[in-house]
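>>> pasting the sequence and the predicted model now:
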Amino acid sequence: MGKIDLLLATYNGARYLPAQIRSLQNQTYEDWTLYVHDDGSTDATLDVVRRFAAADARICLVDDGRRFGSPADNFLHLLSLSTAPYAVFCDQDDIWLENKLERLYDTISRADDGRPLAAYCNAYVYNPTAGTIDGYATLCHPRTLGDAFFMNGGVQGCSIILNAALRAICLDRPPYVVMHDHLVTLAALAFGRLLYVDERLMLYRRYPGAVTGETYGTFRQRLGVFFRRGKGVLFEHHYAALRSFHDHYRNRLSPKQNRLFERLYRYEHRSRPANALAILRDGFRLYGKRRVLFLKMLLRPLVGKDL
């Protein structure tokens, strides 16, 4: 088995899978095993995977009959099957640049001292309909646990490599997980480290119907979404996941980290102006800036539906 387990969760991805798997096979770092688990596809996804697996011994289809109806649960199921020193999540519809694995492995292996650790890279936003490859898929880079509270997600799942120590923590999972990358990001920041490789190492494909929804590559585009009416500062499912994370890991968090969560919960009971002023005092940030979160708190309710 390889030093890296690649974890590919599939669902009706036959149209995009061949390009993605070929981009894995073209990696300059070759010591990997690809585990694929399908979540009940009704197209030719399984035929595509079986064809590639027959030609490449590093590709393994996990055909255990389990169905989840959730990408988060599918990815975490794959993570539970991983035994290599490192694991990398893999979306079915992206295209990796040939040095992605090499750069991620070099970064994490040099820094790995046995404690929980993850590293992530950036990506180009690829819009095949418009024929564009530009922008940055990730604009928000959390450096502390508090930085991640208001992101409404984690760093991009398919950009992450994690070590065995962090994998063990994530597999002792909270009762409610909104997405696997949200859990991994919170766990890395709470119990270890999260490193950033400042390079765009894949094409993050966006198209109508993508599981992760619409992605905007520039700050200007995201600013328009930022001011869209009717949205909360936090989406209700991400807020629920934060509470579940805290409840589950409370006894393993430091007193300072527990106080951080308690400060977050106080925002439920104050007015918007009071919350905005509290941001300046508490030091929470978004996109690395207090003023961005201050403005968001002033304009929106704390928790709302993802529109």
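Looks like it came in fine.
>>> in the longest helix belonging to the chain, what counts as buried?
Counting residues, the longest helix found in the chain (DSSP state H) is helix 236-249. Using 16 or more other CB atoms under 10 Å as the test for burial, helix 236-249 gives H237, H238, Y239, A241, L242, S244, F245, H246, H248, Y249. For every residue, glycine as well, the C-beta is placed using N, CA and C.
>>> which residue ranges of the stretch 101-250 of the chain form strands?
With strands called from DSSP state E, counting those that start in this stretch, the stretch 101-250 of the chain shows them at 117-127, 132-134, 160-163, 193-205, 234-235.
>>> all helices of the chain, in order?
17-25, 45-55, 71-81, 100-111, 145-148, 164-171, 180-191, 219-226, 236-249, 255-266, 272-282, 290-299.
>>> now, of those, which is deepest in the fold?
Most buried of the helices of the chain, by mean neighbour count (mean count of other CB atoms under 10 Å): helix 180-191, with a mean of 25.
>>> list the contacts of that one.
71-72, 75-76, 79, 89, 115-118, 142-145, 147-148, 151, 153-157, 160, 162, 166, 169-170, 173-174, 177, 194, 238, 241-242, 245, 249, 252-253, 257 (CB atoms under 8 Å, 6 or more residues apart in numbering).
>>> try it again at 7 Å.
The contact list for helix 180-191 (CB atoms under 7 Å, 6 or more residues apart in numbering) reads 72, 75-76, 89, 116, 118, 142, 144-145, 148, 153-157, 160, 162, 166, 169-170, 173, 177, 194, 238, 241, 245, 249, 253, 257.
>>> quick revisit: quick one, which of the strands of the stretch 101-250 of the chain is nearest to L17?
Closest approach to L17 among those (CB to CB): strand 193-205, 11.7 Å.
>>> thinking again about what came up before, tell me the two of the buried residues of helix 236-249 that are most distant?
Checked with CB to CB, these reach their widest spread between H237 and Y249, with 18.5 Å between them.
>>> low pLDDT regions in the chain?
Low-confidence regions of the chain, defined by pLDDT under 70, span residues 1, 207-230, 306-307.
>>> outline the domain layout of it.
For the chain, automatic domain parsing gives the domain ranges 4-219, 221-304.
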